[in-house]
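In: this one's sequence-less:
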């Protein structure tokens, strides 16, 4: 067979997983290439929060977090149960810490810090930790990369020039409420001034994660091909021996002597696949994932016998759609106290502060039952608007005029008028607000238990008895349409504990 190029390992996709695979292969003495369909590397990882949830790793152990292999296993068993095979759960909590230690020992750049206090999503479950297990990359100066930075996918969320990690955002969100919030805001301002003076370009979150991986790959002399789309597998006697790609408009056949690693994300931007697999209604316009996620590996993999699972699930991201049609993913916004989410009947149906994936799952369940959840509405009052960061706007900063012009924001001096503008039943919304305010006065959400979990409280207001509850009573009141967005689909190919894609009978391809 005539090959256009030959490698030991071909990696499809250039997000954090793909870059790690390509880097690892190089560090193990193999010749590898990472291929990326678009002209920007980094995938969804580059625009993500960049946090890693890997139990019992050396970073959190160094900070005294009381984690262990056994505790992590308890947590996976109590949250996932038998939905995932025992061998896969075991592989994750064994190989994850090994991976982090390997990258730490073998590179100069894979450095992380503990995101202290960012709770596990279900800390009350057996094995859960309210102080959390998440780690995030250290802030990184992009100028160290030289021209390598030119083709990195960049985050689209505006931070007004400020660079901050998730731990700092958690603090600065309370800049009007706590001393720590004010000092953190000052720290961010000083970092901005320093970057201007030194002509550095600090990046955090997913950008820092991808930049550190890309520079590490370059220093290991690993190859990364942009504008190279996967088209199909090349088979020989039932074995994958290479791939067909389209590189800069030309079809090429690339040999994989030792294996092909698939890390090419989901199908968020493929409307046909969304309608085939995901709950209705679904719309590619609601996804925050980057362009290029169209599920290119799915059909070729199924053709050679691969098994699919979780195709009906997304990494849900409750989102507001801005005037440019871009979704704004609400994370911390759903933890503030004077806020609630209602359906088109004017009723609450969810713990607003729940983990984002669970929120959207609940939204779709409610939609299936009532046909009244997509879209929903998120409501805040003037007190919340003046105190907290909301939809990327600083405390007290007005919603842009274009948001009103496009009907994205409704505003009123009374609950009755707000209900009429939203076209929801007035009596129903008034009753919902009254009930919510009673819960706020008593300090407990009897309907959906918002604030009972340490996870809920992380983005709440620590100056309040219940960080997630305060009365909704100060005019003007605001309402914004809320959609079941996503940051990626979950579905894909089933693998065994050695990451080998398997057929229905469990045999690896």
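Out: Okay, I see it. Computed from a predicted model, the values in this text were never measured in an experiment. Numbers count the residues shown, from 1 in each chain.

In: What is the burial count for residue 463?
Out: A total of 12 residues lie near residue 463 under the criterion other CB atoms under 10 Å. From N, CA and C alone the C-beta is placed, and that goes for glycine too.

In: Show the contacting residues for the nearest residue to it once chain neighbours are set aside.
Out: Leaving out its chain neighbours, the residue that sits closest to residue 463 by CB to CB, 6 or more residues apart in numbering is residue 177, at 5.3 Å. Listed by CB atoms under 8 Å, 6 or more residues apart in numbering, the contact set of residue 177 reads 387-388, 461-463.

In: Look up phi and psi at residue 177.
Out: Main-chain dihedrals, residue 177, degrees, to the nearest 10: phi -120, psi -30.

In: Now do the helices in the stretch 201-350 of the chain.
Out: Here the stretch 201-350 of the chain has its helices, by DSSP state H, counting those that start in this stretch, at 205-219, 271-277, 298-303.

In: Serialize the ones you listed to a markdown table and add fields for mean pLDDT.
Out: A markdown table is the format used below for those (pLDDT from 0 to 100):
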| stretch | mean pLDDT |
| --- | --- |
| helix 205-219 | 97 |
| helix 271-277 | 98 |
| helix 298-303 | 97 |
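
In: Okay, and the beta partners of residue 381?
Out: residue 477 (DSSP bridges).

In: From residue 348, how far out is it?
Out: For residue 381, the distance to residue 348 equals 15 Å [CB to CB, to the nearest Å].

In: State the helix or strand in which the closest residue to residue 454 other than its chain neighbours lies.
Out: Spatial nearest neighbour of residue 454, excluding adjacent residues (CB to CB, 6+ apart): residue 130 at 3.7 Å. Using DSSP states H and E, residue 130 sits within no helix or strand.

In: check contacts around residue 130.
Out: Neighbours of residue 130 in contact, by CB under 8 Å, 6+ apart: 119-120, 123, 454.

In: Let's have those in a markdown table, adding neighbour count and distance to residue 72.
Out: Converted to a markdown table, the contacts of residue 130 look like this (neighbours: other CB atoms under 10 Å; distance: CB to CB, whole Å):
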| residue | neighbour count | distance to residue 72 |
| --- | --- | --- |
| 119 | 22 | 15 |
| 120 | 23 | 10 |
| 123 | 19 | 13 |
| 454 | 19 | 17 |
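
In: Tell me the one among the residues you listed nearest to residue 307.
Out: residue 120 (29.5 Å; CB to CB).

In: quick one on the thing from earlier: and the contacts of residue 130, which two are furthest apart?
Out: 120 and 454, at 8.3 Å, using CB to CB across those.

In: which SS state does the nearest residue to residue 162 once chain neighbours are set aside fall under?
Out: Leaving aside its chain neighbours, residue 162 sits nearest to residue 188 (4.6 Å; criterion: CB to CB, 6+ apart). Taking DSSP: H, G, I helix; E, B strand; the rest coil as the rule, one finds residue 188 in the helix state.

In: next one: the one 4 residues further on
Out: In the three-state summary, residue 192 is assigned as helix, counting by three-state DSSP.

In: Out of the helices of the stretch 201-350 of the chain, which is the most enclosed?
Out: Stretch with highest mean neighbour count among these: helix 205-219 (a mean of 24; mean count of other CB atoms under 10 Å).

In: Counting by contacts, list what that one packs against.
Out: Under the contact definition 3 or more CB pairs under 8 Å, 6 or more residues apart in numbering; DSSP states H and E, helix 205-219 sits against helix 16-27, helix 43-46, strand 134-137, strand 140-141.

In: Check which helices and strands the last one sits against.
Out: By that I understand strand 140-141. So strand 140-141, by 3+ CB pairs under 8 Å, 6+ apart, packs with strand 202-203, helix 205-219.

In: List of residues touching the helix or strand just after that strand?
Out: Using DSSP H and E, the next helix or strand after strand 140-141 towards the C-terminus is helix 166-172. Defining contact as CB under 8 Å, 6+ apart, one finds that helix 166-172 is touched by 49-51, 113, 115-118, 136, 164, 178, 180-181, 184-185, 187-188, 205, 332, 389, 458-459.

In: just stretch 401-419 next, same as before
Out: By CB under 8 Å, 6+ apart, stretch 401-419 touches 320-323, 346, 379, 399, 420-422, 425-426, 428-430, 433, 475-481.

In: Are any of the contacts of helix 166-172 buried, and if so which?
Out: 49-51, 115, 118, 136, 164, 178, 181, 184-185, 188, 205, 332, 389, 458-459 (16 or more other CB atoms under 10 Å).

In: sorry, back to before: would CSV of the helices and strands packed on strand 140-141 with distance to residue 368 be doable?
Out: Output for the helices and strands packed on strand 140-141, formatted as CSV (distance: least, CB to CB, whole Å):
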stretch, distance to residue 368
strand 202-203, 40
helix 205-219, 32
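
In: worst-scoring helix or strand of the protein, pLDDT-wise?
Out: Using mean pLDDT, DSSP states H and E, helix 166-172 stands out as the lowest-scoring helix or strand of the chain, at a mean of 84.

In: ok, residue 39 - contacts?
Out: By CB under 8 Å, 6+ apart, the residues touching residue 39 are 151, 226-227.

In: what comes up buried for stretch 320-331?
Out: Buried, per 16+ other CB under 10 Å, within stretch 320-331: 320-322, 327-330.

In: If you could redo that for stretch 184-197, that was the one I meant.
Out: Of the residues in stretch 184-197, those buried (16+ other CB under 10 Å) are 184-185, 188, 191-192, 195.

In: Identify the residues contacting it?
Out: 161-164, 168, 171-172, 175, 200-202.

In: Now render the residues you listed as a markdown table, adding distance to residue 87.
Out: Below are these laid out as a markdown table (distance: CB to CB, whole Å):
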| residue | distance to residue 87 |
| --- | --- |
| 161 | 47 |
| 162 | 44 |
| 163 | 41 |
| 164 | 39 |
| 168 | 38 |
| 171 | 40 |
| 172 | 42 |
| 175 | 47 |
| 200 | 45 |
| 201 | 43 |
| 202 | 41 |
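
In: Please report how far residue 8 lies from residue 260.
Out: For residue 8, the distance to residue 260 - CB to CB - is 11 Å.

In: In terms of neighbours, single out the busier of the two.
Out: Neighbour totals were compared for residue 8 and residue 260, and residue 260 leads with 21 against 17 (other CB under 10 Å).
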